[in-house]
Structures are given as structure tokens and as C-alpha cells.
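Asks: could you work out the structure for the sequence below:
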Amino acid sequence: MKKIFLLLLLFSSFLFAEINECKNDVYFANGIDINEDDAKRSIQKIYKTFEITNPKTYNSIANWDIVYNHTHGIAIDLYESMLQKIYEDAPGDSLVPFLWNIGEIFGYLDYTFKGVVERVAKKVPKEAVKEYAAKAAKNLAKKAVVVYNKHGRHFTEEQIELMFNEVFDYLIDQAINSYVTKTEEEIMAQENADVAGHIAKYKKSIIDGHGVIIVAHSQGNLFINRAYNELGVFSDIRNDAWMKKYIRAIGVATPANNILGSNSPYLTI
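Replies: Next up is the predicted model:
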């Protein structure tokens, strides 16, 4: 019993080691369609710039690393981002309320997007996929024109249909060129693994006594938000929520409606 007590005492002292907030680890969270080598080159550019222009800040960083979000090609990454937005936003909280999370319109857009991806994955001929998307764009425009104009977006139904057609055409071309074969379950499985990788690195930094600073670009912001929110939720032995106060982020071109929680301070560039 005494041995178990000593082990728990040692473990607790290690877990709640003093955090030196003047010594930080910086992580880069990549956006869509970025391979791991390019993500590594991005963090290298960041720390080389700091080394030259701000040596004092550079010397306060213990480690520079990436928290990599795997790419499935631009079309699937965009689809994954849309799924992340669905799960992240409560109705009415989105950055673009005239489109996202507007009941029937958003549900139809989600249904259409999934239909496009599924047809590409099944290698349906491009012309047939575009025909499906064109019909969807026409129906979507009929539903969306009321919402757009309600929020001061004075578009005609034809203009909205054209916009959706252009978006769908672009995504279909990209998806087919990327040889899309991923199901939603496969995409989510990889996302879950990536988020777990984020959490593991952040926890290690904090247990090592360092603060965490994340520079997130584009879709990377959706990943860091989820990782941050899941700290302390799926704990194994202990509650890790206390670590949140040692994590800060800089969001670049973020599609999210918050950075590290709605009440957290944040900087967008």
C-alpha cells in the first residue's frame, strides 16, 4: 500500500509541475491540402523569421513543432471542414448566418455536398455528377434567395444558382482529379487520430513545464478548437481541463467562429 501511495504522490507532483510561462512550445497547425513536408517548412519559416527579427522571443521558445492534420486532397478537405463546421456551430452562431445553419437550406446543402462526394467516390461519370449538382444548385437557389435577401444580400435567384454551380463545378473537378475514395467514416477516423495527436503534444509540453502557443492556419483552427474543447472531457486517469489555461493560439484565416472557446482572448491575422 505504501508503494502505491508513493507512486501516486510522485505521479501527482510530476503532473502538476510548475509551469514556466516564459518558456513556451510553439506548434503550427496546417490548413487544407497541405502535405506534412510543407507543414514542416511552414514552421521552419516561422522560427527562422523570429530568430532574425526577434531574437529575444526566439530564445524564449523551447520547441518548434507541427501538429499535423492529414490531407485527403482539396475537395475532401473542404468537405471535412464543412463537417467540422456543422459539429462546431450551434444554429445561428455561424460567421455566415445567411447560409450556414439555416434549417432547411443548410440541411439541403449538406445533403447535396455529400451526394456529390459519394458519386465521385463511386466513380460516377463527371457529366452525371455535374448534372446532379446543377439540379441541386437550382433547388438550393430557390430556397436560399429568401434567406440571402432577408440578411441584406440582394441577389437574384439566377445569381445564387450561378454561384452554387461554380462552387460545385470546382469541387467536382478537384475531387475527381484527386481520385476521391474516402467515406465520411474514414475521414472522421483520420480526424479523430489527428486530434488525439494534438492533445498528446499539448499535454506533453505542459507536463514538461512549458506553455503552448499554436499558430493555426485555415482548417487548422477547427482542429485546435476541437482538441482544446476535448481536454478534460475524455480523460483516462485524471482531469486534464486544468491545462487549458496554459494554451494560447493565433488564428490565421480562420473559418471558425471562435478561437479556443468563445470566451478566450484571440488574435486573427
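Asks: which stretches of the stretch 51-200 of the chain form strands?
Replies: Per DSSP state E, counting those that start in this stretch, the stretch 51-200 of the chain carries strands over the ranges 61-67.
Asks: so what's the residue count around the residue nearest to residue 130 when sequence neighbours are not counted?
Replies: Nearest non-adjacent residue to residue 130, counting by Cβ to Cβ, 6 or more residues apart in numbering: residue 172, 5.9 Å away. Where C-beta positions appear, they are placed from N, C-alpha and C, glycine not excepted. Per other Cβ atoms under 10 Å, the neighbour tally for residue 172 reads 21.
Asks: my guess is residue 172 contacts residue 117, does it?
Replies: No. Residue 172 is beyond contact range of residue 117, at 9.4 Å (criterion: Cβ atoms under 8 Å).
Asks: tell me the domain ranges of this structure?
Replies: What automatic domain parsing lists as the domains of the chain is 14-70+185-268, 74-181.
Asks: with mean pLDDT added, can I get those domains in JSON lines?
Replies: Output for the domains of the chain, formatted as JSON lines (pLDDT from 0 to 100):
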{"stretch": "domain 14-70+185-268", "mean pLDDT": "87"}
{"stretch": "domain 74-181", "mean pLDDT": "70"}
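Asks: quick one, longest strand in the chain?
Replies: Ranked by residue count under DSSP state E, the longest strand found in the chain is strand 20-29.
Asks: next, the buried residues of it.
Replies: For strand 20-29, the buried set under the neighbour-count rule, 16 or more other Cβ atoms under 10 Å, comprises 23-29.
Asks: same check, this time on stretch 42-57
Replies: 42-43, 47, 50.
Asks: helices along the stretch 51-200 of the chain, start to end?
Replies: Along the stretch 51-200 of the chain, counting by DSSP state H, counting those that start in this stretch, helices occupy 55-59, 74-88, 104-121, 126-150, 157-177, 184-207.
Asks: quick one, which of those helices is packed in tightest?
Replies: Most buried of the helices of the stretch 51-200 of the chain by mean neighbour count (mean count of other Cβ atoms under 10 Å) is helix 74-88; its value is a mean of 19.
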